[in-house]
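Colleague: Based on what follows, work out the 3D shape:
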Amino acid sequence: MNGNTPLSDRFQRNIEYLRLSVTDRCDLRCSYCMPEDFKGYEEPEHWLNFDEVERLIGAFARLGVKRLRLTGGEPLLRRNLPELARRLSALPGIEDLSLSTNATQLSKYAHSLHNAGVSRINVSLDSLQRERIAQITGRDCLDKILAGLMAGKEAGFAPIKINMVAQQGVNDDEIDAMVAFCLEHGFILRFIETMPVGSTGRNAQYLDLQPVKLRLQERFGLVEGVMPGGGPARYLKSRDGKFSVGFITPISQHFCETCNRVRLAVDGTLYTCLGQDEKFEFRPLLRGGISDAELEDAIRNAISLKPERHEFKEEPGKIVRFMSTTGG
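Modeller: Below you'll find the model as predicted:
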């Protein structure tokens with residue numbers, strides 16, 4: 001670590017978690033994320049190449065970032081992703097490399113990614129009903145997702161977390177079925193509130209997860225728990241420790257005071273908050289001959305832009321970019 005001082009923002013929050021988007025493209029069109037007719041993708045020549053990614057993440061690691069998550073879009077659409085994972089997992093200081101995926105491509109890449117150093121995965125799964133998944137994602141993809149999940153389990157990823165974006169009147173009647181599915185397979189379940197990011201997020205059917213949390217806590221006798229990973233979820237677990245369920249609640253119970261993460265988009269733009277517009281562009285610096293010392297100074301300057309909190313409740317129409325642009 002540079003100078004033995006942690007990478008901190010203006011509010012004394014240590015930043016040790018980076019979410020790295022390796023593509024803004026996706027093979028699904030989830031109703032709360034990306035419009036069906038979206039064509040505003042970043043040009044490939046603007047994507048950071050693997051050498052640039054490795055250099056930039058190496059600098060973040062020297063400054064104290066320990067946890068790295070590969071995201072998108074759908075990260076498995078990035079060609080040769082296992083090679084990038086291998087390079088990043090070998091960087092000094094990176095202690096945890098994980099992946100968020102919709103799992104439609106996971107059956108092809110599970111073993112190579114695990115061998116490359118990805119230790120755990122989060123899989124988006126909003127329904128166990130084939131027709132409903134097709135409605136939510138715009139694609140008939142449930143079989144591919146389930147095949148990917150089982151391939152991930154067989155490859156040895158642990159833990160495997162299921163992310164369910166819960167929506168009022170859309171899939172809230174499947175909450176108990178998803179609990180049963182995760183209990184059966186040993187997966188960790190996480191419910192996520194929709195966020196007003198882009199027009200798609202604002203048009204989603206928001207569901208307050210606090211009543212859901214109370215109901216599940218009472219039904220299954222759950223107690224407060226902790227799960228390694230550095231993310232924002234608040235967890236409950238069974239008393240025997242065999243089941244855990246997390247709640248990511250940016251609206252009903254935000255977690256800004258403990259936020260330890262930033263997001264790097266595929267074009268090298270660092271977004272310091274999902275709910276604000278502060279950003280810092282690294283691509284021009286990387287392609288302009290910046291030294292390592294200057295790069296580390298630039299990272300500290302970027303982190304200083306991180307705001308105290310989002311304003312999803314106060315200004316729900318503020319963020320016009322889509323989630324896939326920011327990085328999941």
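Colleague: lowest-confidence helix or strand of this protein?
Modeller: When the helices and strands of the chain are scored by mean pLDDT, DSSP states H and E, helix 198-203 comes last with a mean of 55.
Colleague: how much space is there between the residue lying closest to Phe191 once chain neighbours are set aside and Asp176?
Modeller: What sits nearest to Phe191 in space, not counting adjacent residues and going by Cβ to Cβ, 6 or more residues apart in numbering, is Ala166, at 4.9 Å. All C-beta spots, glycine's among them, are computed from the backbone N, C-alpha and C. Distance, Ala166 to Asp176, using Cβ to Cβ, to the nearest Å: 12 Å.
Colleague: mind showing which ranges of this protein have poor pLDDT?
Modeller: 1-5, 196-204, 228-230, 253-255, 310-325, 327-328 (pLDDT under 70).
Colleague: Would you map the strands across it?
Modeller: Along the chain, counting by DSSP state E, strands occupy 17-21, 67-71, 96-101, 120-124, 160-165, 188-192, 223-225, 234-237, 244-248, 261-264, 269-271, 279-281.
Colleague: distance of the residue with the largest distance to the centre of the chain from Val118?
Modeller: Most distant from the centre of the chain: Gly289, at 30.5 Å, with distances by Cα atoms, centre = their mean. Taking Cβ to Cβ as the measure, Gly289 falls 32 Å from Val118.
Colleague: what about Trp47, how many neighbours?
Modeller: 20 (other Cβ atoms under 10 Å).
Colleague: Also Leu209?
Modeller: Neighbours of Leu209 using other Cβ under 10 Å come to 22.
Colleague: give the contact list for it.
Modeller: Residues near Leu209 by Cβ atoms under 8 Å, 6 or more residues apart in numbering: 166, 191, 193, 247, 249, 252.
Colleague: Same list, these, but as a markdown table with neighbour count please.
Modeller: Compiled in a markdown table, the contacts of Leu209 are given as follows (neighbours: other Cβ atoms under 10 Å):
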| residue | neighbour count |
| --- | --- |
| Ala166 | 23 |
| Phe191 | 24 |
| Glu193 | 23 |
| Phe247 | 22 |
| Thr249 | 20 |
| Ser252 | 16 |
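Colleague: Surely Asp172 is in contact with Met164?
Modeller: No - using Cβ atoms under 8 Å, Asp172 is not in contact with Met164, being 9.9 Å away.
Colleague: which of these two has more neighbours?
Modeller: Met164 (24 against 15).
Colleague: Tell me if I'm right that the more buried one and Phe191 touch.
Modeller: Yes - in this structure, Met164 is within contact of Phe191 by Cβ under 8 Å, at 5.5 Å.
Colleague: so what sits against both of those two?
Modeller: Residues touching both Met164 and Phe191 by Cβ under 8 Å, 6+ apart: Ile175.
Colleague: For Leu295, list the residues it contacts.
Modeller: Contacts for Leu295 were tallied using Cβ under 8 Å, 6+ apart; they are 55-56, 59, 282, 285-286.
Colleague: bridging residues for Leu97?
Modeller: Leu68 (DSSP bridges).
Colleague: roughly how far apart are it and Arg120?
Modeller: From Leu97 to Arg120 the distance is 9 Å (Cβ to Cβ).
Colleague: which residues in the stretch 201-328 of the chain form helices?
Modeller: Using DSSP state H, counting those that start in this stretch, the helices of the stretch 201-328 of the chain run over 209-220, 283-286, 292-303, 323-326.
Colleague: now the stretch 1-150 of the chain
Modeller: Counting by DSSP H, counting those that start in this stretch, the helices of the stretch 1-150 of the chain are 50-62, 81-89, 106-116, 130-137, 142-155.
Colleague: Out of those helices, flag the one nearest Cys259.
Modeller: helix 50-62 (16.1 Å; Cβ to Cβ).
Colleague: Name the residues that touch that closest one?
Modeller: 1-2, 7, 18, 20, 22, 48, 65, 68, 80, 83-84, 87-88, 91-94, 264, 268, 282-283, 286-287, 292, 295-296, 299.
Colleague: Using CSV, write out every CA atom in that helix.
Modeller: Extracted C-alpha coordinates of helix 50-62, given in CSV (Å, rounded to 0.1, in the frame of the first residue of the first chain):
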residue,chain,number,x,y,z
PHE,A,50,-6.4,-5.8,-20.9
ASP,A,51,-3.0,-4.1,-20.4
GLU,A,52,-4.7,-0.9,-19.4
VAL,A,53,-7.1,-2.7,-17.1
GLU,A,54,-4.3,-4.6,-15.4
ARG,A,55,-2.2,-1.4,-14.9
LEU,A,56,-5.1,0.6,-13.5
ILE,A,57,-6.3,-2.2,-11.2
GLY,A,58,-2.7,-2.7,-10.0
ALA,A,59,-2.6,0.9,-9.0
PHE,A,60,-5.9,0.7,-7.1
ALA,A,61,-4.5,-2.5,-5.4
ARG,A,62,-1.3,-0.6,-4.3
